[in-house]
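S.K.: Provide a 3D model corresponding to the input given below.
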Amino acid sequence: MPGKNATATRTTAAAEGDVTVLLIGMRINHFWAVHHWLPVLLAMPRMLRELAKDPERGLLNHVLLTASPRTYYVVQYWESKEKLYEYAHSPDMFHHRAWAIINRKERKGQVRGHVGLWHEAYVVPEGSYESIYADMPAFGLAAAHGQVPLERRGKRARDRFAYRSEKAAGKAAGKRAEKRVVAPEKAADGV
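M.R.: Purely as a prediction, here's the structure:
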């Protein structure tokens, strides 16, 4: 029997259109330098709480993960890269203040070597992602965009990759029609 909130079936993410994903994390380089890495470790949950209070900022969902006792990161799903950039550069949000502190410490030579920071951002076009969840509650992309029965997008990965939303299918049809338009004939003098 599936666990709490798990569905006893196979589902896929209901995402349509482009998907914006941010991977962001830290690595503890020196465990003894707690005063350097602990504030960084505590900053991310604070930013996530801030974003949860204001859904209009565009964060759809996140998953907290650890790669080792030294490395912690978050997979974040955003409405768009524009919303992600807007949050990152907004002076009234905690992210902006946290980076100002880090940059100040770095200029003073107080941060180097103790804690590593990284992020990777991706905008994944429709047709370049697919998912499957078996006996799982909504997770990852499905938690961000909802989930649908697997059959709605295809039982095989290649079928789910081939899925196009009505919006994307309309754009593709418009592009095909543009390509069929024949250029007007050139004048007799070649102009």
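S.K.: spatially nearest residue to the residue nearest the centre of the chain (excluding sequence neighbours)?
M.R.: Closest residue to the average C-alpha location of the chain: V21 at 1.4 Å, with Cα atoms, centre = their mean. Distances taken as Cβ to Cβ, 6 or more residues apart in numbering place Y122 nearest to V21, at 4.7 Å, with adjacent residues excluded. Quick note: C-beta positions are derived from backbone N, CA and C, even for glycine.
S.K.: the one you found against V75, yeah?
M.R.: No. Contact criterion Cβ atoms under 8 Å: Y122 and V75 do not qualify, at 10.5 Å.
S.K.: in contact with G127, which residues?
M.R.: Residues near G127 by Cβ atoms under 8 Å, 6 or more residues apart in numbering: 161-164, 168.
S.K.: hmm, I was thinking of T9
M.R.: 135, 149-150.
S.K.: can you check V19 too?
M.R.: Listed by Cβ under 8 Å, 6+ apart, the contact set of V19 reads 77, 123-124, 126, 129, 141, 145.
S.K.: again with V74
M.R.: By Cβ under 8 Å, 6+ apart, V74 lies in contact with 22-25, 44, 48, 62-65.
S.K.: that one bridge partners, please.
M.R.: Beta-bridge partners for V74, by DSSP bridges, are I24, L64.
S.K.: sorry, back to before: what is in contact with Y122 and V75 at once?
M.R.: Joint contacts of Y122 and V75 (Cβ under 8 Å, 6+ apart) are 21-23.
S.K.: quick check: the residue nearest to I132 when sequence neighbours are not counted vs M136, distance?
M.R.: What sits nearest to I132 in space, not counting adjacent residues and going by Cβ to Cβ, 6+ apart, is T12, at 5.8 Å. Counting by Cβ to Cβ, to the nearest Å, the gap from T12 to M136 is 11 Å.
S.K.: neighbour count: those two, which is higher?
M.R.: T12 (24 against 19; other Cβ atoms under 10 Å).
S.K.: run the chain-centre distance for stretch 91-105.
M.R.: Counting by Cα atoms, centre = their mean, to the nearest Å, stretch 91-105 is centred 22 Å from the centre of its parent chain.
S.K.: that one: which residues count as buried?
M.R.: Judged by neighbour count (16 or more other Cβ atoms under 10 Å), stretch 91-105 contains these buried residues: 93-95, 98, 102.
S.K.: what do you get for stretch 7-24?
M.R.: 7, 11-15, 18-22, 24.
S.K.: same check on stretch 21-36?
M.R.: By neighbour count on 16+ other Cβ under 10 Å, the buried set for stretch 21-36 is 21-22, 24-28, 36.
S.K.: flag the helix or strand of this protein with the lowest per-element mean pLDDT.
M.R.: helix 166-180 (a mean of 62; mean pLDDT, DSSP states H and E).
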